[in-house]
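In: sequence first, predicted model second:
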Amino acid sequence: MTGARAAWAAVSLALAVTAVAADRPPSIAQATLAEPDAVTPEVSTEELASILAAGSAPVLDVRSSQEHAIAHIPGSVNIWEKEIEGIEARFPDRATPLVLYCNGPFCGKSRRVSAELLKRGYHNVRRYQLGLPVWRALGRTVQTDLEGLRYILESDRTAVLVDARADAAGAVAGAVRVRRGEAEAANEDGRLPHRDKGTRVIVFGATSAEAQAVAEEIARKAYWNSSFFGGSVDELRQAGGGR
């Protein structure tokens, strides 16, 4: 069995176990990889969303700083796997509950970091091993930071900027305007690249909350490579947006 088939077979098995235990149809949001002999336990997408909403545990993105800046799960903290001492410095209490994630089922970063943390005495470490790809695939949006935006504007000329601001003042050159409630129409009328759902789409707004709300609507139209910019419109322009 190939690695990919084995991974998704594990997901299917986990779903089946969930269905039996709960005596109801399983939800993909409740699935984990159910890895055999896992050193640290996993959390599902649903559990991770609850953890973030409640602020019940730090969620650590152990990918590189550039990857995090380009796209990350909102509310996560970036500490690169090569800088594990940064985790110790920030969370010295070995009982601190920690949740790690990286680039999905076949990414080894969160596995390696969680195993190393156990060696260093941490005993409340879990992983969202489904990672950023599945988070996005299930219609949840991600955040882009200023440095990530600079990288995209300089290196990815195919990216689509979406202006989600409710008011029409101060238009940003080259951006398409999609307000709350307009994702369906924008998908049909050509404002969004409906023939290539993998196009990078970055949403900005008057506030990050406004941008996130529209980005979530766009993600649910199957734009899996979409995100929202967490900074201001002035920062967007300083980074080169609207040139």
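Out: Ah, there it is.
In: A185: neighbour count?
Out: Here the number of neighbours of A185 (other Cβ atoms under 10 Å) works out to 12. Bear in mind the C-beta positions are built from the backbone N, C-alpha and C, glycine included.
In: now it: phi and psi?
Out: Comment: the main-chain dihedrals of A185 come out as phi -60, psi -40, following degrees, to the nearest 10.
In: and the one 5 residues further on, by the same measure?
Out: With angles defined as degrees, to the nearest 10, G190 sits at phi 100, psi 0.
In: can you pull the contacts of the most centrally placed residue in the chain?
Out: Residue closest to the average C-alpha location in the chain (Cα atoms, centre = their mean): I73, at 3.3 Å. By Cβ atoms under 8 Å, 6 or more residues apart in numbering, the residues touching I73 are L48, L52, V59, D61, Y101, L132, W135, R140, V142, Q143.
In: dump the C-alpha coordinates for stretch 45-57 into PDB.
Out: Output in PDB follows, covering the C-alpha atoms of stretch 45-57 (Å, rounded to 0.1, in the frame of the first residue of the first chain):
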ATOM      1  CA  THR A  45      -9.900  19.800  12.900                       C
ATOM      2  CA  GLU A  46     -13.000  20.300  15.000                       C
ATOM      3  CA  GLU A  47     -10.900  20.100  18.200                       C
ATOM      4  CA  LEU A  48      -8.300  22.500  16.900                       C
ATOM      5  CA  ALA A  49     -11.000  25.100  16.100                       C
ATOM      6  CA  SER A  50     -12.400  24.700  19.600                       C
ATOM      7  CA  ILE A  51      -8.900  25.100  21.200                       C
ATOM      8  CA  LEU A  52      -8.300  28.300  19.200                       C
ATOM      9  CA  ALA A  53     -11.700  29.700  20.000                       C
ATOM     10  CA  ALA A  54     -11.300  29.100  23.700                       C
ATOM     11  CA  GLY A  55      -7.600  29.900  23.900                       C
ATOM     12  CA  SER A  56      -7.200  26.700  25.900                       C
ATOM     13  CA  ALA A  57      -3.700  25.900  24.600                       C
END
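In: list the contacts of that stretch.
Out: For stretch 45-57, with Cβ under 8 Å, 6+ apart as the criterion, the contacting residues are 27-31, 43, 59, 73-76, 96-99, 101, 126, 128, 130, 134-135, 138, 140.
In: and for A213, the neighbour number?
Out: As a burial measure, A213 scores 18 neighbours (other Cβ under 10 Å).
In: returning to that earlier point: taking the contacts of stretch 45-57, please make a PyMOL selection of just the buried ones.
Out: Restricted to buried positions by 16 or more other Cβ atoms under 10 Å, the PyMOL selection for the contacts of stretch 45-57 reads:
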select buried, resi 29+31+43+59+73+74+76+96+98+99+101+126+128+130+134+135+138+140
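In: in helices, which of the contacts of stretch 45-57 appear?
Out: Using DSSP state H, V134, W135 are the members of those that sit in helices.
In: which of the contacts of stretch 45-57 fall within strands?
Out: Counting by DSSP state E, those place V59, L98, V99, Y101, R126, Y128 in strands.
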